[in-house]
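> my questions are about this predicted structure, shown below with the sequence.
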Amino acid sequence: MSGQAAATEVVTPAIAPRRRTLQVGTGFAAAAVMMYFGGLLGVYFSERAEFLRANPGGSWIPAGSRIELTAPTVMAWTLLLSVVTMQWVVHATKRDDRRHTLIALVVTAMFGVAVINQTAFQYRQMELAIDGGSLAAPLIYTISGSHLALVVVALAYLFVMAVRALTAPAPSVHLDGMSAAAMLWHVMVFVYLVIWVGLFVTK
Amino acid sequence: MTATETHAPATDEHAPATPESLPSPGGLAGLLSSGDHKTLGRMWILASLLLGGFVLVCGLLLHIERANLPGLEVFAGIESFRQFFTLYRVGLIFLFVAPLWIGLATLVVPLQIGARGVAFPRAAAAAFWGWLTGAGILVASWAIDGGLVGGGEQRAVELSLLSFAMVVLSLLAATAVLLTTMCTQRPAGMSLERMPLFSWSMLVAGGVWLLSLPVLVANLVIMWVDLRGPGAVRYGAGQNLYEQVSWVFDQPQVFVFAIPAIGVVGEILQVAFGAPQQRRWGLMLSLVGLAGVFSFGADLQRFFSPTAQTTPLYVASGIVVALVVVALLGGWADLGRAARRLPRPSGYLAVAMSALGVLVFAAIVGFIRVLGGAVGFLRSFARHNESWQSDLDRALAPLDDLRGTMAGAGLLDLVAMAAVLGAVAGLFYWSPKIFGRRASHAAGFGVAAIVGAGGLLVGLMGLVAGFLGQPERPSTHFASSGAEAVAVLAVIGVIGVLLGLGVVVIVALRGATALARGASTVPDPWGGHTMEWFATSPPPPDNFGAEPVVPVRSPHPLWDTPAADADEKGDS
């Protein structure tokens, strides 16, 4: 051992936690979320490729089901717009602009609720049943349903941070939390874009 | 406050009170409502040790059945045998090994890095109670004819899948809390490369858990959705359930559960030699990181990719892990040479050496298993020479045939035992912080001998059974002719491990009782070098009280101060 420090060494005055704890924690959670969807999509692509290899010319989507591109594309645009409004929330919070924070939060939340509504519409439109006859059905419902759950979680996180920020003397006190909620929101949007391309565009 | 509440700086007098600084109720209410990482760590440790005992009893029953002893038929049929087979594997990792590491890390890591608590105390508490509830439901679901096999009650199987997912998600939440703590709660001077080896190994292992176990959750959700339909197509079909999650219990993923053992051994060896690992510090950190990278196995799922065990990545993982273990041994040999003295014998050192020994054998078995995959490459090199090819076929056939045999079960047992021994070594080493008293050295020597020998016997018998052609997946519940003796030896090994675990449970329960009665001991009885030995034993609610912490200028802050030198001389 070295033992070279002087006896008069000034000890560090405090254990000061680093900032951005919520952002770091949410970053880890977001990484886990992405790996979860990575796992789901990996299984989906692998199974689809195997099916098409075994059934050349066959249809991965079972007969009688319709995977229209309109609703998923509208959802993708809705979520892309929500990315802008989410950053508006963060920007307004940083500037302690309570009014714009509230407006941007409401608009973002409305986009989120709209996506839930569009997903419900899409499920009705697809007429895809998990009836034991198709490999695609359980996978499509698992992936899109998991994303639906992620939208709900992101909305709940946003709601908690909104309550905190808007009831605080200055919203910027909770900038860390609001930025963390924005991070999860952006991850949710990114995941949807991958789903949009992988499940609905390329079918 | 919510689960996402962050800690206020300790120096800020006007900061809101943290869960650690609030007076906590005593007794059961105190346990149930605690967000203190030390209390949570103790509960993780005790619960996982008790559940570990249950899991090992399941393993014992499986081995007794395999041994085909006259008059000792344990299971009514192949279905119940398979149910216990899956329960043993799931339980070994997710009810025993992983939570034991989470418990030790939750307790020790904040102390080691000089933090006053974990980043999200309520999330940490929710993770523990979620895991415990999930574990209870998981065991109950198996008991009511569920499990990861077909033939049982469908709703019980659904419950098994959901409770398994709950257990994994809770472990992930606890891991995320630990990683955030390590990234955000370090004091000035404590850079990542100055973190103690155990904390570093938990950072690496936790990172790989966080990136790989969500894929397991994805598998479980797909199985559950398919099973909920009128007729499972493929993913929820009984014979496919375990197959889809088997990658977690196989090479290379299984090694990630033993990575923290490297950290514990590294910590203990430095203290035992009384010398810091200075010359090879960067190398040691890199080796742990390398082991973590090559332990990622979520992409090697045999169910979806039948050739996964012949891919270059799979072969490389086994070789790299073996090389990492060899390089670690070299690093520690260098430490011993630099110390110029023999290590001080102690109970925790004995357990750590036992863990290291089992880990070495696990790496050897892992290396032997991937050689089967390498056979294909060798054959392709020799494809132009028929004579070479036939010679190779003859020489390498036993290795090629190891795939899908009991050698995989042997590897799982060896890795799990190395991990358990590593965690138990940590339990003995950090006993002053955990229980406020030093664990008995005699108990440590006993555990090292019994669990080490038992674990080696179980694991190596698995390898022998593999060479004898015993299949890993149970098509029958009995060992085939000629392999009964191997199964009997495995039974003896499991009994040894169970006895050793019993000793550990007694040590832990006695420690917990002593702690409840207010036991305390000197802060640094072993002459330690890391921050946790600066705190009292047991540490106060905010870990370091009003005391400022020592300056962090190296991975060995306590050995950098003259006062610590004097303390250590007095102690020895």
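Okay, I see it. The model shown is predicted, which means the values in this text are computed figures rather than measured ones.
> any stretches of chain B with poor pLDDT?
Applying pLDDT under 70 to chain B picks out residues B:1-26, B:151, B:372-385, B:392-401, B:473-482, B:547-549, B:561-572.
> what about the helices in chain A?
Per DSSP state H, chain A carries helices over the ranges A:21-54, A:70-94, A:98-126, A:136-167, A:175-195.
> name the nearest residue to A:Lys203, sequence neighbours excluded.
A:Ile67 (5.7 Å; C-beta to C-beta, 6 or more residues apart in numbering or on different chains). (C-beta placed from N, C-alpha, C; glycine too.)
> make JSON lines from the helices of chain A and add distance to B:Ala123 to it.
Shown next, in JSON lines, are these (distance: least, C-beta to C-beta, whole Å):
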{"stretch": "helix A:21-54", "distance to B:Ala123": "8"}
{"stretch": "helix A:70-94", "distance to B:Ala123": "23"}
{"stretch": "helix A:98-126", "distance to B:Ala123": "23"}
{"stretch": "helix A:136-167", "distance to B:Ala123": "13"}
{"stretch": "helix A:175-195", "distance to B:Ala123": "13"}
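> mind putting these into JSON lines with mean pLDDT, distance to B:Val458 and mean neighbour count?
Output for these, formatted as JSON lines (pLDDT from 0 to 100; distance: least, C-beta to C-beta, whole Å; neighbours: other C-beta atoms under 10 Å in any protein chain shown):
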{"stretch": "helix A:21-54", "mean pLDDT": "95", "distance to B:Val458": "31", "mean neighbour count": "19"}
{"stretch": "helix A:70-94", "mean pLDDT": "96", "distance to B:Val458": "52", "mean neighbour count": "19"}
{"stretch": "helix A:98-126", "mean pLDDT": "95", "distance to B:Val458": "50", "mean neighbour count": "17"}
{"stretch": "helix A:136-167", "mean pLDDT": "95", "distance to B:Val458": "37", "mean neighbour count": "19"}
{"stretch": "helix A:175-195", "mean pLDDT": "96", "distance to B:Val458": "42", "mean neighbour count": "22"}
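> among those, which is nearest chain B?
helix A:21-54 (3.3 Å; C-beta to the nearest C-beta).
> any idea how far the closest one is from the middle of the chain?
12 Å (C-alpha atoms, centre = their mean, to the nearest Å).
> quick one, it and helix A:175-195 angle?
10 degrees (axes from the mean of the first three to the mean of the last three C-alpha atoms, to 10 degrees).
> what sits against B:Gly446?
Contact analysis of B:Gly446 by C-beta atoms under 8 Å, 6 or more residues apart in numbering or on different chains lists B:Gly500, B:Val503.
> roughly how far apart are the closest residue to B:Gly466 other than its chain neighbours and B:Ala418?
Nearest residue to B:Gly466 in three dimensions, chain neighbours excluded: B:Ala407, at 2.8 Å (C-beta to C-beta, 6+ apart). Using C-beta to C-beta, to the nearest Å, one gets 16 Å for the distance from B:Ala407 to B:Ala418.
> who's more crowded, those two?
It is B:Ala418, of B:Ala407 and B:Ala418, that has more neighbours when counted by other C-beta atoms under 10 Å in any protein chain shown, with 31 against 28.
> which helix or which strand is home to the more buried one?
According to DSSP states H and E, B:Ala418 maps onto helix B:407-429.
> that helix - contacts with which helices or strands?
helix B:37-67, helix B:98-112, helix B:259-273, helix B:347-381, helix B:441-467, helix B:484-516 (3 or more C-beta pairs under 8 Å, 6 or more residues apart in numbering or on different chains; DSSP states H and E).
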